[in-house]
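[1] Predicted coordinates and the sequence they were generated for:
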Amino acid sequence: MSLSPSHTLQSANFVGADSVLQPFEHLFDFKTFASLRRMLSHQQSKPLVKRAEFIRLVTLYLPEVAARLEESDVGIVHLEMGAMKLATKDAFARCDFPTVRKHLLLIADLFERADAELYDAIRISYLEAIFLGETSAAHIVARGMLSQPMENVLRHAELRREPGSRVQA
């Protein structure tokens, strides 16, 4: 007697799977999972961006930001991202939303394809440094311009900052 795959799966016992998945259940809902899955499949079709590529793209598309870099900052990704952050904050101060959008579009593209080092720099030295704790109208408008993955990262960071939060870093 031959058993079909669906027949054998129905009788399979996955006791161990529940205990492995349990710690992560509170972190992901289906919408977040679907977003991450889409991001990963999309990311596989694009080349990974490293720190050196970040500087090249900023120099190419945002020369005014590249001009802010001190020579001693080049090669230290969080300082390079800091120049990007300062340029975006200056655009906020001028209510120059086309420039803010231009910066966020470049960051969104990089965020989806960033290696671990660049991803952390974008998350910490750009997104969190600009948006965490900010409630001005300009920041609310700009936050609406963020890609869904960037918004998810900020929400997670906000949850970590809340007193009594159980969200792990």
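    Received the coordinates, thanks. Residues are numbered from 1 along each chain as shown.
[2] mind listing the helices for this structure?
    Per DSSP state H, the chain carries helices over the ranges 5-10, 15-21, 30-44, 51-61, 63-66, 77-93, 97-113, 116-121, 129-131, 137-143, 148-161.
[3] Columns mean neighbour count on top of these, output as CSV?
    C-beta here means a position set from N, CA and C on the backbone, and glycine is covered the same way. Putting the helices of the chain into CSV (neighbours: other Cβ atoms under 10 Å) gives the following:
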stretch, mean neighbour count
helix 5-10, 8
helix 15-21, 9
helix 30-44, 12
helix 51-61, 16
helix 63-66, 15
helix 77-93, 19
helix 97-113, 18
helix 116-121, 16
helix 129-131, 20
helix 137-143, 15
helix 148-161, 16
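[4] would CSV of the ones you listed with mean pLDDT be doable?
    Listed next are the helices of the chain as CSV, based on pLDDT from 0 to 100:
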stretch, mean pLDDT
helix 5-10, 44
helix 15-21, 45
helix 30-44, 66
helix 51-61, 88
helix 63-66, 91
helix 77-93, 93
helix 97-113, 93
helix 116-121, 94
helix 129-131, 95
helix 137-143, 88
helix 148-161, 91
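[5] what's the distance between residue 72 and residue 92?
    26 Å (Cβ to Cβ, to the nearest Å).
[6] Thanks a lot, see you next time.
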